[in-house]
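Trainee: next comes the sequence, and after it the predicted model I'd like to discuss.
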Amino acid sequence: MSSNNSSSSEFMAEVRCRCGYLAPIKMSWSYANPGKRYRACPRYGGLGSCRYFEWMDYDVSERVSNVLRGLLKKADKYEKEIEKLQFTIEKKDHELKKKIWESNLKFLYGFGIGMVFAGFVISIWMRSASGNVGLMQLN
Ligand SMILES: [Zn+2]
């Protein structure tokens, strides 16, 4: 009985990686090992990690891993659908921005032509006005 207790406490015993950190127990969500617990360096996969990694003495039943695999597949499918939707939204957003930009360009173009035309009209008006003034001065 005491040996049973010691083995279960050994199972959950705190383990420190070679960096000196407590290695937390996590659950794998990989397709190969869904639901399987492991212990790894907290910085695993990062820079300066000691690369400590250990599967826990824990086997997931085939039934449970199949259920988890099914969930993973569904999550993957939804993720892909979300990605597709995001792509569509981005495309629409891009099209909308392009349309706004085009209408802005049209406006600027129209405004430019309007300004040139206005300048032309004003210059004629100024010339005729100064001509009138000149004539008035002559008279
Ligand atoms: Zn480490």
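Mentor: In hand now; what should we look at?

Trainee: please tell me how far the residue nearest to residue 19 when sequence neighbours are not counted sits from residue 27.
Mentor: Distances taken as C-beta to C-beta, 6 or more residues apart in numbering put residue 50 closest to residue 19, at 4.8 Å, once the chain neighbours are dropped. C-betas here are computed from N, CA, C, even on glycine. Separation of residue 50 from residue 27 (C-beta to C-beta, to the nearest Å): 21 Å.

Trainee: one more: residue 126?
Mentor: When distances are taken as C-beta to C-beta, residue 126 and residue 27 turn out to be 82 Å apart.

Trainee: looking at those two, which has the bigger crowd around it?
Mentor: A side-by-side neighbour count of residue 126 and residue 27, using other C-beta atoms under 10 Å, places residue 27 first with 14 against 10.

Trainee: so how far is residue 40 from that one?
Mentor: As for residue 27, its distance to residue 40 is 11 Å (criterion: C-beta to C-beta).

Trainee: what helix or strand is the residue nearest to residue 19 located in?
Mentor: Remark: residue 50 resides in no helix or strand, with elements defined by DSSP states H and E.
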